[in-house]
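Chemist: Curious how this folds, go ahead:
(2 chains)
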Amino acid sequence: MEIKMDKNGSELTVSLVGRLDTMTSPQLEEELQKELDSIDNLTFDFKDLEYISSAGLRVLLSTQKHMMKKGEMKVINVSDTIMEIFNVTGFSDIMNVSA
Amino acid sequence: MAEIELEAVVENLASATEFVTNQLERIPCSMGTQMQIELAVDEIFTNICMYAYTPGTGKAVISVDTDTPGIVKLTFTDSGIPYNPMEKEDPDTTLSASERKIGGLGIYLVKKSMDEMSYEYKDGHNILTLIKRV
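Modeler: Purely as a prediction, here's the structure:
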């Protein structure tokens, strides 16, 4: 998986390319931890994310919990298959997600 | 029917999912269904890697049976500690973000994406069978 980070002041956009699974989620968590304290607006761009497993959902939820204390988080360009996973797990009700 | 035996370590996750995906490519199976099956293989194999043999390691066997048209049958066998994933309580997906616990979604996703799931512990083996209608 490739992680692209674009930071503009306290706004960060994280674009993910490939697969967010057991193997790659720790990498994302590590990269986010370096940035979360200095931002108040976080966007995940899932345009090129092909796949997400529960390991990826875990990182999204812990990041959401962190961000809701201090700012905003949203997930954009979500594919149909990933949106279905967000719907099944109720993530689409607790996060700002859009196609 | 095809079968693969792997050391149950997360580094073999790609080998596990690729093996199953290759079997699915031989039969009519939509991309969406293929991804649901891949997700199930990912979640179950990961669980075996993380919990079955802790703190040691051991083997996991995955078999894919596509002999019956319209049915994919996956069987996961390990000889780790007895563990029935079907007894795991479902997460409450209606709670707010702050109330929700982190984790516990893997098995739930498998239950939701497969048509049937069964477990038995036999001769020292955990045997988990998943059925998906394709």
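
Chemist: Please count neighbours and contacts with C-alpha atoms only from this point.
Modeler: Will do.

Chemist: what sits up against the biggest helix by length in chain B?
Modeler: As far as residue count goes, and with DSSP state H defining each element, the longest helix of chain B is helix B:31-47. Contacts to helix B:31-47, defined as C-alpha atoms under 8 Å, 6 or more residues apart in numbering or on different chains, come from residues A:22, A:53-54, A:81, B:8-10, B:13, B:16-17, B:20-21, B:24, B:60, B:76, B:106-107, B:109-110, B:113-114, B:132, B:134.

Chemist: After that helix, which helix or strand is next?
Modeler: Along the chain past helix B:31-47, the next helix or strand (assigned with DSSP states H and E) turns out to be strand B:59-65.

Chemist: That next one vs helix B:31-47, what angle?
Modeler: 160 degrees (axes from the mean of the first three to the mean of the last three C-alpha atoms, to 10 degrees).

Chemist: Would you give the sheet partners of strand B:59-65, along with the direction of each?
Modeler: strand B:2-7 (antiparallel), strand B:71-78 (antiparallel) (DSSP bridges).

Chemist: Chain A contacts on chain B?
Modeler: Counting by C-alpha under 8 Å from any C-alpha of the partner chain, the residues of chain B close to chain A are B:10-11, B:13, B:32, B:39, B:42-43, B:46, B:93-94, B:96-98, B:102-106, B:109, B:112.

Chemist: ok, residue A:1 - contacts?
Modeler: Here residue A:1 is in contact with A:16, A:17, A:18, A:19, A:20, A:24 (C-alpha under 8 Å, 6+ apart).

Chemist: neighbour-wise, which of those leads?
Modeler: The most crowded member of the contacts of residue A:1, judged by other C-alpha atoms under 10 Å in any protein chain shown, is residue A:20 (24 neighbours).

Chemist: distance of it from chain B?
Modeler: Computed with C-alpha to the nearest C-alpha, to the nearest Å, the distance linking residue A:20 and chain B is 11 Å.

Chemist: Which pLDDT value belongs to the residue nearest to that residue when sequence neighbours are not counted?
Modeler: In this structure, residue A:20 finds its nearest non-sequential neighbour in residue A:52, 4.8 Å apart by C-alpha to C-alpha, 6 or more residues apart in numbering or on different chains. For residue A:52, the pLDDT comes out at 96.

Chemist: what's the answer for residue B:38, then?
Modeler: What the model reports as pLDDT for residue B:38 is 95.

Chemist: and the angle from the lengthiest helix in chain A to helix B:31-47?
Modeler: Here the longest helix in chain A is taken by residue count, with DSSP H as the criterion, and it is helix A:54-67. Our comparison of helix A:54-67 with helix B:31-47, counting by the same axes, to 10 degrees, yields an angle of 80 degrees.

Chemist: next one: the helix or strand following helix A:54-67 to chain centre, how far?
Modeler: Per DSSP H and E, the first helix or strand lying C-terminal to helix A:54-67 is strand A:72-76. For strand A:72-76, the distance between its averaged C-alpha position and the chain's averaged C-alpha position is 7 Å (C-alpha atoms, centre = their mean, to the nearest Å).

Chemist: now do stretch A:69-82
Modeler: Per C-alpha atoms, centre = their mean, the displacement of stretch A:69-82 from the mean C-alpha position of its chain is 6 Å.

Chemist: Mind pulling up the pLDDT for residue B:102?
Modeler: At residue B:102, the pLDDT recorded in the model is 88.

Chemist: residues in contact with it?
Modeler: Per C-alpha under 8 Å, 6+ apart, neighbours of residue B:102: A:58, A:61, A:62.

Chemist: could I get the residues you listed as a markdown table with neighbour count?
Modeler: Shown next, in a markdown table, are the contacts of residue B:102 (neighbours: other C-alpha atoms under 10 Å in any protein chain shown):
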| residue | neighbour count |
| --- | --- |
| A:58 | 19 |
| A:61 | 20 |
| A:62 | 17 |
